[in-house]
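Enquirer: following is a predicted model, sequence given first.
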Amino acid sequence: MSDQTTSEALGDTGSDTGDDTGGDPTKAAPELHTEAHDPAVPEAYAAFMRTGWGDRELDLPRQPVAERAAARRDKLAGMFPGERLVLPAGTFKVRSNDTDYKFRPDTAHTYFSGNQTSDAVLVVEDGESVLYARPRSARDTDEFFRDRQYGELWVGRRPSLHELSDSLGIECRHIDTLQDRLTSTNGAKTRVLRGVAADVDRMVAADDAMDADLQRVVGELRLIKDDWEVAQLQEACDITALGFEDSVREWKQVLEYGERWIEGTFQRRARAMGNDVGYDSIVGGGKHATTLHWIDNTGPIEPGKLVLLDMGVEGRNLYTADVTRTLPVDGRFTQLQRDLYDLVHQAQQKGIEATVAGQPFLSAHNAAVQVLAHGLEDLDLLPVSAQEALDPESKVYSRWTLHGVSHMLGMDVHDCAGASPEIYPKGDLEVGMVLTVEPGLYFQEDDLLVPEELRGIGIRIEDDILVTADGPVNLSASLPRTSADVEEWMGRHLP
């Protein structure tokens, strides 16, 4: 990253943004994103930088989701006839001082538009859809060469409105015109997907009930995946499997550098073949496996122990895998480790078998915890019988299972979170839904109610399951699940 520590930047913000960017010379130029320690910009230098540039159009490919996104918008509009629906992409979030996290658009925005650029807003109204976007910097502005967040010479060339429109198959207008559109009500109700872009939230008075209903609908419309979406999830699972294999192939470095090495190795595969990781990787060696969302990944990987890897690749169209395997560091389980692992595998298998269209979403959870509760009873850990522990008014078995067994999966790792609880999680499974099945057992290192040899052991097995008319299909089946298959697989890939 280029940086200088010289004199204070000049305050000039340059001229208007030109025809392609939709600039209005009657409006003040936008504030530049610069820093006080940037070099000074004399007017002679600024004027020189605004001239003498060639121009070119990028030949952006038509996005594969363009036609599907148009159909999704039509369906969404049909559910709110005569209303205006506002779905922002969001903007950059500060990581530290003047550095931002890498941008990732809001899922609903991209689902209905295909757009992945920052600061855009999709407006759907009466069957008409417009994407309000922030396009490339005009060459006759200071933004082009000075703006750290949007300037082409700082962060790269953004597509023009024309390029975006051709690529996404949707009309595009400059983001500067959004305020006028939203303040011109024409008597239409306006619903906003809130909490994504603060500036957009401020443009329209909130109606909590109406806005929450939009949130619900955009979640429920994503519950059923079409064939293209399933293919995207399958690809994410296949790349994820390669990332797991990469990690085992580098086991010598894993033993030297610990959890960090696995995190970095998997991240490399995710970036090379996908967009990124779908969530912060969980690499839990030894006792860290008993922390459900251990993402510090700072611990050692020690012989004789287990390591829990919960990792998933997000593909380039933002569909993510979510897979967990628990591996013996030595390549082979001890007898105690194998017994516990086999119990969790048996629970997962029953959960997968229960993932059937027409059955309640909670079927997988209920089937898996039945196995786990009876296994805990066999280990003489429950204060009551397994059947008593399974009573909804008891659930004391949860001390060692901790979490639900399933969640929806798609463009969000915990997909469709805004759906009505009556549909998800209280509703029934339908063909085209994709969900995880991920039972686990977790014995904390300071749990005095379990034998000492169990303390500090955590085991989870997780796969991504597609509901079909012919039964469940495991999209992540290329990774082994049984204890014997895990050992054979590690034997093939260990250095």
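Expert: The structure has been received and is ready for your questions. Numbering: from 1, shown residues only.
Enquirer: quick check, Arg268 in a helix?
Expert: Yes: Arg268: assigned to a helix according to DSSP: H, G, I helix; E, B strand; the rest coil.
Enquirer: gap between it and Val204?
Expert: Plainly put, Arg268 is 42 Å away from Val204 if you go by C-beta to C-beta, to the nearest Å. Placement of C-beta: from N, CA and C, glycine included.
Enquirer: okay, these two: which has more neighbours?
Expert: Just comparing Arg268 and Val204: by other C-beta atoms under 10 Å the higher neighbour count belongs to Val204, 18 against 12.
Enquirer: isn't that one up against Val86?
Expert: Yes: counting by C-beta atoms under 8 Å, Val204 does reach Val86; the two are 6.7 Å apart.
Enquirer: quick check: neighbours shared by the two?
Expert: 182, 190, 192 (C-beta atoms under 8 Å, 6 or more residues apart in numbering).
Enquirer: dump these into a markdown table; add distance to Gly286 as well.
Expert: A markdown table is the format used below for the shared contacts of Val204 and Val86 (distance: C-beta to C-beta, whole Å):
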| residue | distance to Gly286 |
| --- | --- |
| Leu182 | 53 |
| Thr190 | 53 |
| Val192 | 46 |
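Enquirer: of those residues - the most surrounded one?
Expert: Val192 (25 neighbours).
Enquirer: give me the nearest residue to that residue, chain neighbours excluded.
Expert: Closest residue in space to Val192, ignoring its immediate chain neighbours: Val86 at 4.5 Å, by C-beta to C-beta, 6 or more residues apart in numbering.
Enquirer: sec struct for that neighbour, please.
Expert: Following three-state DSSP, we place Val86 in the strand state.
Enquirer: all the helices of the stretch 101-250 of the chain, in order from the start?
Expert: Using DSSP state H, counting those that start in this stretch, the helices found in the stretch 101-250 of the chain span residues 107-113, 143-146, 152-155, 161-168, 178-183, 198-203, 208-220, 227-249.
Enquirer: show me what the first one is packed against.
Expert: Packed against helix 107-113 by the contact rule (3 or more C-beta pairs under 8 Å, 6 or more residues apart in numbering; DSSP states H and E) you find helix 66-79, strand 84-88, strand 121-125, helix 208-220.
Enquirer: and the last one, by the same measure?
Expert: In this structure, helix 227-249 packs against helix 259-273, strand 306-311, strand 313-314, strand 323-328, strand 463-468, helix 483-493, with contacts taken as 3+ C-beta pairs under 8 Å, 6+ apart.
Enquirer: buried residues, the helix or strand following it. List them.
Expert: Under the assignment DSSP states H and E, the closest C-terminal helix or strand after helix 227-249 is helix 251-257. Neighbour-count burial for helix 251-257, counted by 16 or more other C-beta atoms under 10 Å, picks out 251, 253-254, 257.
Enquirer: mind giving me the domain split of the chain?
Expert: 66-137+160-220, 227-493 (automatic domain parsing).
Enquirer: list the residues that contact Ala417.
Expert: Going by C-beta under 8 Å, 6+ apart, the list of residues near Ala417 reads Gly219.
Enquirer: return the per-residue confidence for it.
Expert: The model reports Ala417 with a pLDDT of 94.
Enquirer: can you report how many residues lie near Asp446?
Expert: 7.
Enquirer: OK, contacts around it?
Expert: Here Asp446 is in contact with Arg455 (C-beta under 8 Å, 6+ apart).
Enquirer: where does it sit: helix, strand or coil?
Expert: coil.
Enquirer: any idea of the pLDDT on it?
Expert: pLDDT, Asp446: 98.
Enquirer: again with Thr185
Expert: So Thr185 comes in at 67 (pLDDT).
Enquirer: give me the buried positions along stretch 229-237.
Expert: Buried-residue list, stretch 229-237, by 16+ other C-beta under 10 Å: 229-230, 232-237.
Enquirer: what residues does that stretch touch?
Expert: 225, 274, 278, 312-315, 317, 319-321, 323, 409-410, 432, 434, 464, 466, 475-476, 478.
Enquirer: quick one: low-confidence ranges for the stretch 151-300 of the chain?
Expert: 185 (pLDDT under 70).
Enquirer: at 80 instead, please
Expert: Within the stretch 151-300 of the chain, the stretches with pLDDT under 80 are 185-187.
Enquirer: average pLDDT for stretch 39-55?
Expert: Rounded mean pLDDT across stretch 39-55 is 91.
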